[in-house]
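> Mind folding the following:
(2 chains)
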Amino acid sequence: MRVERVKRERRDLASGENTDLRMLDGLVRKYSGKKGIMIPVLQETQSIYGFLPKEAFKKLSVELQLNLSDMYGVATFYAQFRLAPVGKYIIKVCHGTACHVQNAGTITDALEEALKVTDGGTTEDDLFTLESVACLGCCSLAPVMMIRDDTYGKLTGKEAVRVIKEIRLKEKELPI
Amino acid sequence: MGKTKVIVGLGSCGIAAGAGKVYEKIRALKEAEALDIVLSKTSCAGMCYREPLVEIIDESGSYLYGEITEDKAVELLNNHIVNDNPVKEYIVCTDLYDTPDKKFFDGQVKIALRNCGMIDPENIDEYEDRGGYEAIKKIISGGMKPQEIIKVVMESGLRGRGGGGFLTGLKWKFTYNSKSAEKYVICNADEGDPGAFMDRSLLEGDPHSVVEGMIIAALAVEATAGVIYCRAEYPLALKRLDIAIRQARGKGYLGKDAGGKKDFGFDISIKEGAGAFVCGEETALIASVEGKRGMPGRRPPFPAASGLWKRPTNINNVETFANIPWIMNNGAKEYAKYGTENSRGTKVFALAGKIRHGGLVEVPMGITINDIVFKLGGGIPSDKSFKAVQLGGPSGGCIPSWLSDTRVDYESVNATGAIMGSGGMVVMDESTCMVDIARFFLDFTRKESCGKCTFCRIGTMRMLEILNRITDGGGEEGDIQKLEELAEQIKDSSLCGLGQTAPNPVLTTIRYFRDEYEAHIHQKKCPAKSCKKLLTYTVNDHSCTGCTVCARNCPVDAIRGERKQVHVIDQDLCIRCGICFTKCKFEAVSVS
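This next block holds a predicted model:
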């Protein structure tokens, strides 16, 4: 049920406090007066901020004459949209059929334990968000996970945790 | 013959396996050592199980190398290019002699995939060199009327490859017959079935064939604009489609006077889907293109009469469109030669799961499941036995091994209770629990249900609860009957295909694997040894050497025993993770 998403997301509907709304001006110019723009507008807004901040909803609603309730309806219907900020790295664990029969469940289990989050959650240090996705389309490499643009195939739980640890180490070395 | 060509397979699957790094390595070496080669890229040739693939074509012939790493790439260049000495042990296929992997291609007929793995998908010239856009020229210069185009498609017997199986020609005819100043052609590239990647590979490997197919459809139904609705999860496909559309515009195949036909204005835009399985349904897809939530509407009116923006709209799947130019070039008869009487032509399948040669295959309709799994797919990788194939994803069903001589055509597959679907074929062996598979698909459809119809929204939830209970060891007498009743009600009371087919995975597994359900419910046992909560791990007295490896690796300290003494698992503490089973070197841990 898509209703589930609403429940989950509403709890943490976030207002990006320091949201720079001027970043939306180009988008407003591009889509002003056109029809069927709702989804691309939300997609591009999300690519600017990483999620859909409350303030952006309000501004877009006024300037593009979009109904606020329609916008919220669409944003909660589609799996792609997020109403809360996400971690720096999004870990997408594939749970397509091929990955499922090759024990994708153990990958998620291992990562949940290592990151101390549940599926869909973000770690306390805002570094990782763990997600289950339907199919990444690399079925012959199953089970698979994707972090940013990198795909890791033929995984085991242990191997997945090792990848996370490596990213963590690399992050620590980065100058702040 | 000119320079030696080195071609790297850069489809999503190849890139995931590391082909991008291999390409970069070869490019760097080519520059550093000033090698006299032409380096180019192509997309998936279907052989996903051998990725990354590198093909070298020289004066002596073509050599396809598989599982190439950066190091192996260096070796290839040094030996094959510099010393003219092909590296035999990495060769997967060559036109010089037979290799075991050649079987993967034998028996395949490539029509929709004719260019995949053959051309650089980002280069329109390569598509044209292989007969691309000829069909449009033929139609326009020959002055073919819409009815004549529709007649050819009708005679070819081509049926919708997205899963519905409706006659493509007939669909076009309906849209043609609806009179309107504006009409639309939509390409459904919202491939959401988990375990299916045919459309992605096609869009990545040969986007122009889809664009050309859409232009032909536009000529046939007299459409004024086209839309490709593609999943946002397919970034590479989106990028290559965008390039293809720009190139087609540049050459005048799209735009004002498209294809050189006066007063035929037709252009294509891309709409990115935002992640909703239900948008594969025509009416939901249209709602989504219009910027609304993707909820299906009632039919009639069908999209052919009133679709996008209430105008007549023709929607076809990616693979359907890719077939069209070939049919126009080679004739309906040539296409209808393949397949069975009611299912003409070929079908692309994504072969995955417990299979040796996973990848993309295109076969004539009517081939048996056995032939696909064992001849093309090379059989099951371990010594386990073949149990079933899952066809049609969450809308489909499982066909058991004893029906594996079933012919793959729309009618024969439907007779088993599964559906042809879009072409996902997941192979399962004896270690796959069929109750768990049913649960897996139902969990998917439950999450993806848009919520409009009560039975789909709540009924799938209730079915899932029962299945969860069964796989957790709490199955009750009468659960199977309850599942069957709910299944019928959901099928009867749902508006769209998602709900109408959601119970199929449960119904087919009950039909063919009822004993597995009963074992879970009555004996609280999982015959496939897959449902964790029904398993018991024990240490055998006679094989345990007391090495302590299991006890040290147990995450919950459930294993006790002194060094060199037989160990014991405390069943109350055991979480059935199976680590002791995999860690034991003496096969002293058994599972029942």
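
> can we go C-alpha only for contacts and neighbour counts from here?
OK.

> Determine how far stretch B:168-181 lies from the middle of the whole chain.
Distance, stretch centre to chain centre, for stretch B:168-181: 29 Å (Cα atoms, centre = their mean, to the nearest Å).

> Name the residues that touch it?
With contacts defined as Cα atoms under 8 Å, 6 or more residues apart in numbering or on different chains, stretch B:168-181 is touched by B:146-147, B:150-155, B:157-160, B:217, B:220-222, B:304-305, B:311-314, B:316, B:320.

> tell me the SS of the closest residue to B:N314 other than its chain neighbours?
Of all residues not flanking B:N314 in the chain, B:V185 sits nearest, at 4.8 Å (Cα to Cα, 6 or more residues apart in numbering or on different chains). For B:V185, the secondary structure call by DSSP: H, G, I helix; E, B strand; the rest coil comes out as strand.

> Report how many residues lie close to the nearest residue to B:P394 once chain neighbours are set aside.
Using Cα to Cα, 6+ apart and skipping the chain neighbours, the partner closest in space to B:P394 is B:F441 (5.2 Å). Close neighbours of B:F441, defined as other Cα atoms under 10 Å in any protein chain shown, add up to 25.

> measure the closest residue to A:E44 other than its chain neighbours to B:I228 for me?
Excluding the flanking residues, the one nearest A:E44 by Cα to Cα, 6+ apart is A:L27, at 7.7 Å. A:L27 sits at a distance of 22 Å from B:I228 (criterion: Cα to Cα, to the nearest Å).

> the more surrounded of these two?
Ranked by neighbour count (other Cα under 10 Å), A:L27 and B:I228 place B:I228 first, with 27 against 17.

> where does stretch B:405-419 sit relative to the chain's centre, distance-wise?
18 Å.

> for stretch B:24-31, same thing?
Put simply, stretch B:24-31 sits 33 Å off its chain's centre (Cα atoms, centre = their mean).

> in that stretch, what counts as buried?
B:K25, B:I26, B:L29, B:K30 (16 or more other Cα atoms under 10 Å in any protein chain shown).

> Out of those, which sit inside helices?
B:K25, B:I26, B:L29, B:K30 (DSSP state H).

> list the contacts for the closest residue to the second one other than its chain neighbours?
The shortest distance from B:I26 to any residue other than its chain neighbours is 6.8 Å, reached at B:A73 (Cα to Cα, 6+ apart). Contacts for B:A73 (Cα under 8 Å, 6+ apart) come out as B:V22, B:K25, B:I26.

> phi, psi of the first one?
Read that as B:V22. phi -60, psi -40 (degrees, to the nearest 10).

> if I read this right, it contacts B:E70, doesn't it?
Yes. Contact between B:V22 and B:E70 holds when scored by Cα atoms under 8 Å: they sit 5.0 Å apart.

> higher neighbour count, these two?
Under the criterion of other Cα under 10 Å, the comparison of B:V22 against B:E70 puts B:V22 first, with 26 against 17.

> Distance of that one relative to chain A?
Here the criterion is Cα to the nearest Cα, to the nearest Å. By it, B:V22 lies 15 Å from chain A.

> Kindly report the same for B:I139.
33 Å.

> which SSE is that residue in?
Assigned by DSSP states H and E, B:I139 falls within helix B:134-141.

> just B:I228 next, same as before
For B:I228, the host element (DSSP H and E) is strand B:225-231.

> Sheet partners, orientation included, of that strand?
Paired neighbours of strand B:225-231 in the sheet (DSSP bridges): strand B:184-189 (parallel), strand B:267-273 (parallel).

> With mean pLDDT, mean neighbour count and distance to B:I569 added, can I get the ones you listed in a markdown table?
Shown next, in a markdown table, are the strands paired with strand B:225-231 (pLDDT from 0 to 100; neighbours: other Cα atoms under 10 Å in any protein chain shown; distance: least, Cα to Cα, whole Å):
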| stretch | mean pLDDT | mean neighbour count | distance to B:I569 |
| --- | --- | --- | --- |
| strand B:184-189 | 97 | 26 | 51 |
| strand B:267-273 | 95 | 21 | 50 |
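
> so can I have JSON lines of those showing distance to B:D101?
Converted to JSON lines, these look like this (distance: least, Cα to Cα, whole Å):
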{"stretch": "strand B:184-189", "distance to B:D101": "31"}
{"stretch": "strand B:267-273", "distance to B:D101": "37"}
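
> Which positions in the helix holding B:I139 come out as buried?
For helix B:134-141, the buried set under the neighbour-count rule, 16+ other Cα under 10 Å, comprises B:E134, B:A135, B:I136, B:I139, B:I140.

> cool, stretch B:97-109 as well?
Buried-residue list, stretch B:97-109, by 16+ other Cα under 10 Å: B:D101, B:F104, B:F105, B:G107, B:Q108, B:V109.

> State the helix or strand in which the last one lies.
Under the criterion of DSSP H and E, B:V109 resides outside all helices and strands.

> Can you tell me how far it is from chain A?
Applying Cα to the nearest Cα to B:V109 and chain A gives a distance of 21 Å.

> residues touching that residue, list them.
Neighbours of B:V109 in contact, by Cα under 8 Å, 6+ apart: B:T346, B:E362, B:V363, B:P364.

> Now for the first one: which residues touch it?
In this structure, B:T346 makes contact with B:V109, B:K110, B:I111, B:A112, B:Y338, B:G339, B:E362, B:V363, B:P364, B:M365, judged by Cα under 8 Å, 6+ apart.

> So which of those residues is surrounded by the most neighbours?
For the contacts of B:T346, neighbours tallied by other Cα under 10 Å; top is B:A112, 26 neighbours.

> Please tell me how far that one sits from chain A.
Distance from B:A112 to chain A, by Cα to the nearest Cα: 19 Å.

> and what of B:W172?
Distance, B:W172 to chain A, using Cα to the nearest Cα: 25 Å.

> quick one: which helix or strand includes that residue?
Using DSSP H and E, B:W172 falls in helix B:168-177.

> what sits up against stretch B:81-99?
Identification of contacts with stretch B:81-99 by Cα under 8 Å, 6+ apart yields B:4, B:61-68, B:76, B:79-80, B:100-102.

> now check the longest helix belonging to chain A, is it near chain B?
Longest helix of chain A, by residue count under DSSP H: helix A:157-173. No. If you take Cα under 8 Å from any Cα of the partner chain as the test, helix A:157-173 misses chain B, and the best it gets is 10.9 Å.

> how far out from the middle of the chain is that helix?
Distance, centroid of helix A:157-173 to centroid of chain: 20 Å (Cα atoms, centre = their mean).

> Send me that helix as CSV with only the CA atoms.
Output in CSV follows, covering the C-alpha atoms of helix A:157-173 (Å, rounded to 0.1, in the frame of the first residue of the first chain):
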residue,chain,number,x,y,z
GLY,A,157,26.7,-10.1,4.0
LYS,A,158,30.3,-9.9,5.1
GLU,A,159,31.5,-8.5,1.8
ALA,A,160,28.8,-5.8,1.9
VAL,A,161,29.8,-4.8,5.4
ARG,A,162,33.5,-4.6,4.3
VAL,A,163,32.5,-2.1,1.6
ILE,A,164,30.8,0.1,4.1
LYS,A,165,33.7,0.0,6.4
GLU,A,166,36.0,1.1,3.6
ILE,A,167,33.8,4.0,2.8
ARG,A,168,33.8,5.0,6.5
LEU,A,169,37.5,4.9,6.7
LYS,A,170,37.9,7.0,3.5
GLU,A,171,35.5,9.5,4.9
LYS,A,172,37.5,9.8,8.1
GLU,A,173,40.6,10.7,6.2
